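Chemist: Sequence first, then the predicted structure:
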Amino acid sequence: MKKPNPARKSAAKPRSRTARSSVGEDAGGRFYYKGNRLKQLRAFVYIARLGSLSRAAEALFLSQPSVSLQLKALERELGATLLERTRRRITLTDAGEALYEMARPLVEGFEDLDREFRTRVQGAKAGKLTIAAGSSTIQYLLPELVKTYRERYPGVHLALSNVTNRDGLALLRSDEVDIAVGSMIDVPHDIAWAPVYHYDPMLIMPPDHPLAEKTDIRLEDIAPYGLILPPKRLTTYRLVDMVFQQSHVPYTVAIEVGGWDVIKQYVAMGLGVSIVTGICLTEADHERLVVRNMRQYLPQRSYGVVMRKGKFLSPEARAFIDLIRPGLLTHRDYDESGHSER
């Protein structure tokens, strides 16, 4: 019977420490999980974005313990707590917020590397672009842009999501759309807003209306007549209500209905007057309606590009934005928050 060789046992110890160092600490005391920083950052970004370890694990096609180990490795390596865990949810610490702003575009850029490479080599000839916009934007502002885009990039699948402003922001934050195009009043800190088109508020009425003969119309002049307005949840209704309330002028809503075309039709039929945004008025409308500018009393509305700050823009999205205005969203726009002009 052979005796154990002490030399073999001693030789096996360094290999064991080396094997452990790939999961634990290296010679410099740094902590890694499988020695892959990208995996750690992806795990962190997905947890922060989806709000839970289980959802992140599902999205990454990993087990929950694997994702947890990657997060712990990243926190050990950086020497900071990135997430605060409670029973109901996971929230970012200040350090986590800072890292999330830095890591999210890196992770998204890496995940989009294949498409970006093909586009750089072949041009924006294929791919997909999803845009969130409201009804008026889709109907009156986007048609010519969409037509030009389709002519230049016929291989790109273009999808337009008809949503309200609030739903559009939710889609941006969940990365279900690339960009949004529309109007904003207050701009959240995590959203970049670049206004391009500006439209005045317009009072519209039928030609035989008593106000049609007046050129300078005041809010007090409108008060006796019933207004036809969009639903209360929409910006136009809120703006009209705010202006009349602040001016202490009473007013009456005769009809509340969605859709600018419907509103214009009802006004033409003599069912009331309305205050609309100039974006929805066509040459045909000016022939059948009397229009008066109300910018003296109501704020101008601006329309432009809306996107999440730090969002990695696909080549297809950049190409569409360049149609609106080349170089519209600069690096400064990603970093600074603010309010629209209205």
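Modeler: Received the coordinates, thanks. Just so it is clear, the structure is predicted and the values come from calculations on it, not from any experiment.

Chemist: mind listing the helices for the stretch 1-150 of the chain?
Modeler: Taking DSSP state H, counting those that start in this stretch, the helices of the stretch 1-150 of the chain run over residues 6-21, 37-50, 53-60, 64-78, 94-111, 113-122, 135-136, 142-152.

Chemist: Could you tell me how many residues sit around the residue nearest to S63 when sequence neighbours are not counted?
Modeler: Leaving aside its chain neighbours, S63 sits nearest to A57 (6.1 Å; criterion: CB to CB, 6 or more residues apart in numbering). Just so you know, the C-beta spots here come from the backbone N, C-alpha and C atoms, and that holds for glycine as well. A57: 20 surrounding residues under other CB atoms under 10 Å.

Chemist: And R55, by the same measure?
Modeler: R55, neighbours per other CB under 10 Å, totals 16.

Chemist: that older thread, nearest to K309, out of the helices of the stretch 1-150 of the chain?
Modeler: helix 94-111 (8.0 Å; CB to CB).

Chemist: what does the closest one contact?
Modeler: Contact partners of helix 94-111, identified using CB atoms under 8 Å, 6 or more residues apart in numbering, comprise 38, 41-42, 44-45, 48-49, 78, 80-83, 92, 116, 310-312.

Chemist: Tell me how far it lies from the chain's centre.
Modeler: Between the centre of helix 94-111 and the centre of its host chain there is 17 Å, according to CA atoms, centre = their mean, to the nearest Å.

Chemist: what mean pLDDT does that helix have?
Modeler: Mean per-residue pLDDT for helix 94-111: 85.

Chemist: quick one: that helix to helix 37-50, angle?
Modeler: Relative orientation of helix 94-111 versus helix 37-50 (axes from the mean of the first three to the mean of the last three CA atoms, to 10 degrees): 110 degrees.

Chemist: from what I can see H198 touches Q300, true?
Modeler: Yes. Under the criterion of CB atoms under 8 Å, H198 makes contact with Q300 at 5.5 Å.

Chemist: where does H189 fall, phi/psi-wise?
Modeler: Main-chain dihedrals, H189, degrees, to the nearest 10: phi -70, psi -20.

Chemist: Please name the nearest non-neighbouring residue to E316.
Modeler: In space, E316 comes closest to L129 once its chain neighbours are excluded; the distance is 4.1 Å by CB to CB, 6+ apart.

Chemist: Output the below-cut-off pLDDT ranges for the stretch 101-250 of the chain.
Modeler: For the stretch 101-250 of the chain, the stretches with pLDDT under 70 are 115-126.

Chemist: all strands of it, in order?
Modeler: Applying DSSP state E, counting those that start in this stretch to the stretch 101-250 of the chain gives strands spanning 127-133, 156-162, 179-183, 191-199, 201-205, 226-229.

Chemist: Distance to L281 and mean neighbour count for those strands - can I get that in a markdown table?
Modeler: Below are the strands of the stretch 101-250 of the chain laid out as a markdown table (distance: least, CB to CB, whole Å; neighbours: other CB atoms under 10 Å):
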| stretch | distance to L281 | mean neighbour count |
| --- | --- | --- |
| strand 127-133 | 19 | 21 |
| strand 156-162 | 20 | 14 |
| strand 179-183 | 15 | 26 |
| strand 191-199 | 9 | 19 |
| strand 201-205 | 6 | 22 |
| strand 226-229 | 15 | 21 |
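
Chemist: list the contacts for S52?
Modeler: 89-90.

Chemist: Quick check on it: phi, psi?
Modeler: Dihedral pair for S52: phi -160, psi 150, per degrees, to the nearest 10.

Chemist: From Q246, how far off is it?
Modeler: 44 Å (CB to CB, to the nearest Å).

Chemist: Could you report the neighbour count for L145?
Modeler: 14.

Chemist: A319 is in contact with that one, correct?
Modeler: No. Between L145 and A319 no contact is recorded; they are 11.1 Å apart, counting by CB under 8 Å.

Chemist: Adding distance to L69, write the strands of the stretch 101-250 of the chain out as TSV.
Modeler: Formatted as TSV, the strands of the stretch 101-250 of the chain follow (distance: least, CB to CB, whole Å):
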stretch	distance to L69
strand 127-133	34
strand 156-162	37
strand 179-183	36
strand 191-199	34
strand 201-205	57
strand 226-229	56
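
Chemist: Nearest to G327 among those would be which one?
Modeler: Nearest to G327, of all the strands of the stretch 101-250 of the chain, is strand 191-199, at 10.2 Å by CB to CB.

Chemist: CA atoms only for the closest one, dumped as PDB, please.
Modeler: Output of strand 191-199 as PDB, limited to C-alpha atoms (Å, rounded to 0.1, in the frame of the first residue of the first chain):
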ATOM      1  CA  ILE A 191     -36.700  63.100 -19.100                       C
ATOM      2  CA  ALA A 192     -35.000  65.000 -21.900                       C
ATOM      3  CA  TRP A 193     -37.200  67.400 -23.800                       C
ATOM      4  CA  ALA A 194     -36.400  69.300 -27.000                       C
ATOM      5  CA  PRO A 195     -39.200  71.500 -28.300                       C
ATOM      6  CA  VAL A 196     -39.200  72.200 -32.000                       C
ATOM      7  CA  TYR A 197     -42.700  73.300 -33.300                       C
ATOM      8  CA  HIS A 198     -44.700  76.000 -31.600                       C
ATOM      9  CA  TYR A 199     -48.500  76.600 -32.000                       C
END
